[in-house]
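Colleague: coords below, sequence missing:
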C-alpha cells in the first residue's frame, strides 16, 4: 500500500518530533494533520482512531499506530535503521525525556549522566556511528537530543569532543542537513501559544466517550 | 558462569518485575543479585557496569544490558514472544507501551507523599477502567483469538496479565465490566510457565512496603 504516512499531532514538537526526525532521516515524505481545535480531537476519538485516546497517532501501511515508541520502532525497522540483529538492537539506549523537570536539571542530567555514556561508547569503538558501524535510529535520536539540550545551554558539549565530532558528522548528512534548513517540517521550540493550544484541545477530553 | 541471565536490582518489584515475568513466561531460569547497600550500588558505578548509572541491570549473553524496554525487547525477540513480522511487532509494542504507562503510575505511588498517594490512587483506577482496560477489551474482541496478537503467547499478553493483577491488588473488582479480560486473565494464568510463576516460592516479588521504599531511597539517596 503506497501513500505517505500521515501524522496527527499538535503544531509543535512534543512527542511527535522524534518521529519527524526519523522520517526525515529516512528520506520519507510525510503529511501532517495539525490539531488546532477540540472538535478535530473529538472527531478522532469518536471515530475510534486513538487506541488510548492519545496522540501521537500515525497512519501508515493500513494501521493507525499510537504510542511513540511503537511508532518509532516500526519506522526504524521498516527503513533499515534498526540494526541488523537482536544484539545490535539491544544496544539502543533511549534518553528519557521528562519535560516537567527544570531546565537546569535537564542540562545537569545530560552533562553528568547521558552525554558521558554516549561519549564513552563512541570513544571505545572509535567508529562514526553508535551501533554496528552504520547509521541508525540511535544516531538520529542522540543527535536530536544534543540539539535540544544545546537550545537550553549552547556550550553543553564543550567537554565532549567525540560528541562534537558526531554532531558535525550527522549534521552534514544530506537528509539531516535538509531537515535542519528553514522550511522543513521540523518544529520550533514550544512557545506559550503551543502550550495553550494543547491545553485547549485536550481540556474537555473526559466529556467525550469514544465509540467502542 | 552459569549461562543464566543475572538480574541486579533492589529486592522488590520496581522496574525489574516485568523482566522477571517475561523470563518466567519464557521458561528461562535466572539469578538475582539484590542491592541492599549504597556501597554495592556505588561499586557497580565505579566498575563501569551501569551505562546510565541506573538499574535494572541484566547480564545476558555477554552483555550488561540496561534500560528496561531494551532488555524486555531483547528477551521477547530471543524467545519468540515478539510476534511474526513487523506489523505484529508494532501491535505488541503499542500494547506494551499502554500497560507500561498504567503500571508506571502504580510503580511510583509508594514514593509519593501521603496526600498525593490518596489523591492519585482513585485517578489510576479510573484511568484503568476508562482508558486502558477498554482498549484491551476491544483489542481482544476485534482480534477474536485467545491472545492479543497473532495466535500465540507474546510479550503483550504477559505484560497485560501483570498489569491486570497489579490493578486488582488495589481494586479487586476492576475487571467486573470486562468479560473478555476476565477470560484472558484465567487462560493466561493457567499456562504452565505462568502458573508456576504465580505460585509461592517463585521469584515473583510482593507489593512494595515501607521497608522497600526506605531501602531504595537510601541506596539512591534521592528525595
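Modeller: Noted; the coordinates are in hand. The structure presented is a predicted model; accordingly, all values stated were derived computationally and were not measured.
Colleague: Any regions of chain B where pLDDT drops low?
Modeller: For chain B, the stretches flagged by pLDDT under 70 are B:1-2, B:222-223.
Colleague: Can you get me a residue count around the closest residue to residue A:56 other than its chain neighbours?
Modeller: Among residues not flanking residue A:56 along the chain, residue A:16 sits closest, at 4.6 Å (CB to CB, 6 or more residues apart in numbering or on different chains). Any C-beta I mention is one placed from the backbone N, CA and C, and that applies to glycine too. Using other CB atoms under 10 Å in any protein chain shown, the number of residues around residue A:16 comes to 23.
Colleague: Now do the contacts for residue A:16.
Modeller: Applying CB atoms under 8 Å, 6 or more residues apart in numbering or on different chains to residue A:16 gives the contacts A:7, A:9-10, A:55-56, A:68, A:187.
Colleague: Which one of these is nearest to chain B?
Modeller: Distance ranking of the contacts of residue A:16 against chain B, using CB to the nearest CB, places residue A:68 first at 7.7 Å.
Colleague: Test my guess that that closest one contacts residue A:20.
Modeller: No: applying CB atoms under 8 Å, one finds residue A:68 not in contact with residue A:20, separated by 11.4 Å.
Colleague: what's the domain layout of the chain?
Modeller: Assuming you mean chain A. A:6-79+A:181-202, A:96-173 (the TED database).
Colleague: other chain: chain B
Modeller: Split by the TED database, chain B gives B:6-79+B:198-216, B:86-190.
Colleague: Helix or strand with the lowest mean pLDDT in chain A?
Modeller: The helix or strand of chain A with the lowest confidence, counting by mean pLDDT, DSSP states H and E, is helix A:86-90 at a mean of 61.
Colleague: buried ones in the helix or strand following it?
Modeller: Counting by DSSP states H and E, the next helix or strand C-terminal to helix A:86-90 is helix A:103-109. Of the residues in helix A:103-109, those buried by neighbour count under the rule 16 or more other CB atoms under 10 Å in any protein chain shown are A:106, A:109.
Colleague: From the contacts of residue A:16, pick the one nearest residue B:117.
Modeller: In terms of CB to CB, no member of the contacts of residue A:16 lies closer to residue B:117 than residue A:68, at 28.1 Å.
Colleague: my guess is residue B:59 contacts residue B:9, does it?
Modeller: No: using CB under 8 Å as the test, residue B:59 is too far from residue B:9 to be in contact (11.9 Å).
Colleague: Report the secondary structure state of residue B:49.
Modeller: At residue B:49 the chain is in coil, as set by DSSP: H, G, I helix; E, B strand; the rest coil.
Colleague: gap between residue B:105 and chain A?
Modeller: 13 Å (CB to the nearest CB, to the nearest Å).
Colleague: Quick check: which element contains that residue?
Modeller: With DSSP H and E as criterion, residue B:105 is part of helix B:85-108.
Colleague: ok, then the element right after that helix?
Modeller: Downstream of helix B:85-108 (by DSSP H and E), the next one is helix B:114-127.
Colleague: Mind checking which of the contacts of residue A:16 are in helices?
Modeller: Among the contacts of residue A:16, the members falling in helices (DSSP state H) are residue A:68.
Colleague: Looking at the contacts of residue A:16, which is nearest residue A:179?
Modeller: Looking across those and measuring by CB to CB, the closest to residue A:179 is residue A:187, at 11.0 Å.
Colleague: quick one: that closest one from residue B:159, how far?
Modeller: 32 Å (CB to CB, to the nearest Å).
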